[in-house]
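> give me a model of this one.
(one chain, ligands or ions: 1)
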Amino acid sequence: MTEQKQFRAIKGTRDILPPDSTLWNWFEQSARDVFESYNFREIRLPIFEETSLFARSVGGETDIVSKEMYSFPDRSTSSDATADAGDLISLRPEATASTMRAYIEHGMHALPGNVKLYYMGPMFRRERPQKGRYRQFYQIGAEVLGQSDAPAIDAEVIEMLVTFFSRVGLTRTTLYINSIGDKNCRPQYVELLRAELRKVKDQLGADSQRRIETNPLRVLDSKIPQEQEIIAKLPKISEHLCDACREHFAKLKEELKLRGVNFQDNWRLVRGLDYYTRTTFEVIAEGLGSQNAVCGGGRYDGLVELLGGPPTKGIGFAIGTDRAILSIQESGNLPKLPGLDVFVAWMGLETYATAVGLTKKLREAGLSVELPGEEMKFKKSLNLADKLGARYALIIGSDEVATGRFTLKRLADADQKKLSEYELLEYLESERRGTRG
Ligand code: AMP
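Below is the predicted model of the structure:
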């Protein structure tokens, strides 16, 4: 007999099983609630796009585009196996590019006011998997697009993020902010940085040496210990911002203070994507080891234009859901989540019809109910109820059916009550309101 292959999830991907999936749903629902309270609405985007969309927006020189995308020829439109880059499609490594594409494609610039969108879903990057770093991971992101680049918009987006994190109990975090200038002041700074870096080239590792020419800003977020002292002495962007950028950054800080948002300046926060201008920010959470960034974001004025749309200002962020949830789990600060409310322990075939009817009513009342499809011995039944974590066992025997009064047993302390159908529904509903708010 040939041995059966044991299939396993591909390295860097994972299954999210119950009860974790309940925690994930709660986390995502909390994001929806908070974001919608700020008048953001959801956009649902495709999982794959033309490769060139990402190359153009994220940047061809970035790690994401140059080595991490899952790209393949789109055989449905091209029978030619040697399809050129225009025919390549990629699993999305992030969703800002798709949001911009959709904004342009649907003429959303014509909508009144700022366009405030959020999204959630899986992203794909071919990275070396480790704790908190996966090849399929999940992000929740938000974007504001429109004609204004007022610092109040940046501040509101950051306030919303901080409000969400506090709502889900992700409190052991630090928010870092920076301004990386715009097309008026950044090119000079980048040249200055490049010139300074060339002087110390020999003391830098291979990656940083390469980046001196390709993307010197990225040297600033190097984590290599030997490079830290050298980087600390490099010229700081804050000292080379043009007046408009300096004023924008100062106003942003005022706005954040007005809104009670705590932050720290970090002049080395440049972010790995090419499209950022002015404001950049990142949130770091405790207890995650080296992969401790739970959110990154920034302003990207000009990105819509770069993709062929009208001149548009934009700002957004992406939360790493996997890491944020990991951090909540590690802190032990977990919410009380709904589980199985009632296990229906029916005994005797003559009670089955009553059990089915009552189960239906309890479910209609919003309770989570488990009804065994086959008759079970009393003891086995209660045992299973316990193992499934049910809060109550509803005992339905021939006595109960005859008298119309059912036994509700609270499994935590074995407290028992005899209740009519009406009382039972009343009791469980009010009890659920009490425990779940
Ligand atoms: P980025 O799109 O690179 O700015 O990332 C935004 C956030 O997504 C990061 O702060 C992380 O929390 C999360 N993230 C990025 N890449 C990964 C990955 N490979 N695995 C898990 N989370 C990730």
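
> near the ligand, which residues of the stretch 301-437 of the chain are found?
Residues of the stretch 301-437 of the chain that fall close to the ligand, judged by CB under 6 Å from any ligand atom: 318, 320, 322-323. Just so you know, the C-beta spots here come from the backbone N, C-alpha and C atoms, and that holds for glycine as well.

> can you add secondary structure and pLDDT and give those residues back as a markdown table?
Formatted as a markdown table, these follow (DSSP: H, G, I helix; E, B strand; the rest coil; pLDDT from 0 to 100):
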| residue | secondary structure | pLDDT |
| --- | --- | --- |
| A318 | strand | 98 |
| G320 | strand | 98 |
| D322 | helix | 97 |
| R323 | helix | 97 |
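
> so who does N333 touch?
N333 sits next to 169, 171 when contact means CB atoms under 8 Å, 6 or more residues apart in numbering.

> surely it is in a helix?
No. Secondary structure of N333 (DSSP: H, G, I helix; E, B strand; the rest coil): coil, not part of a helix.

> number the chain from 54, please
Understood, numbering begins at 54; the last thing we discussed is N386.

> how close does it get to the ligand?
Going from N386 to the ligand by CB to the nearest ligand atom, to the nearest Å gives 18 Å.

> same check, this time on S110
Distance of S110 to the ligand, computed by CB to the nearest ligand atom: 12 Å.

> can you report how many residues neighbour that residue?
Close neighbours of S110, defined as other CB atoms under 10 Å, add up to 24.

> pretty sure it sits against T152.
No. Applying CB atoms under 8 Å, one finds S110 not in contact with T152, separated by 10.0 Å.

> what about the closest residue to L435 other than its chain neighbours, which SS state?
Leaving out its chain neighbours, the residue that sits closest to L435 by CB to CB, 6 or more residues apart in numbering is A446, at 5.7 Å. Judged by three-state DSSP, the three-state class of A446 is strand.

> residue contacts, A446?
So A446 contacts 395-398, 434-435, 438, 461-462, 464 (CB under 8 Å, 6+ apart).

> repeat for Q59
Applying CB under 8 Å, 6+ apart to Q59 gives no contacts.

> next: T333.
230-233, 322-324, 349-352.

> now the residue nearest to V253 when sequence neighbours are not counted: which helix or strand?
Sequence neighbours aside, I283 is the residue nearest to V253 in space, at 5.2 Å (criterion: CB to CB, 6+ apart). I283 is part of helix 278-285 when elements are defined by DSSP states H and E.

> that helix: which residues count as buried?
The neighbour-count check on helix 278-285 (16 or more other CB atoms under 10 Å) flags 280, 283-284 as buried.

> now F107, what's its secondary structure?
Taking three-state DSSP, the label given to F107 is helix.

> follow-up on the earlier one: tell me the mean pLDDT for the helix holding I283?
What helix 278-285 shows for mean pLDDT is 93.

> which residues touch the helix or strand just after that helix?
For helix 278-285, the following helix or strand on the C-terminal side (DSSP H and E) is helix 296-311. The contact list for helix 296-311, computed with CB under 8 Å, 6+ apart, reads 202, 204-205, 207-208, 211-212, 230, 232, 234-235, 237-238, 291, 294, 316, 331-332.

> would you turn the buried residues of helix 278-285 into TSV with distance to S119?
Shown next, in TSV, are these (distance: CB to CB, whole Å):
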residue	distance to S119
E280	21
I283	25
I284	22
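
> can you put those residues in TSV and add distance to the ligand?
Formatted as TSV, the buried residues of helix 278-285 follow (distance: CB to the nearest ligand atom, whole Å):
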residue	distance to the ligand
E280	21
I283	25
I284	20
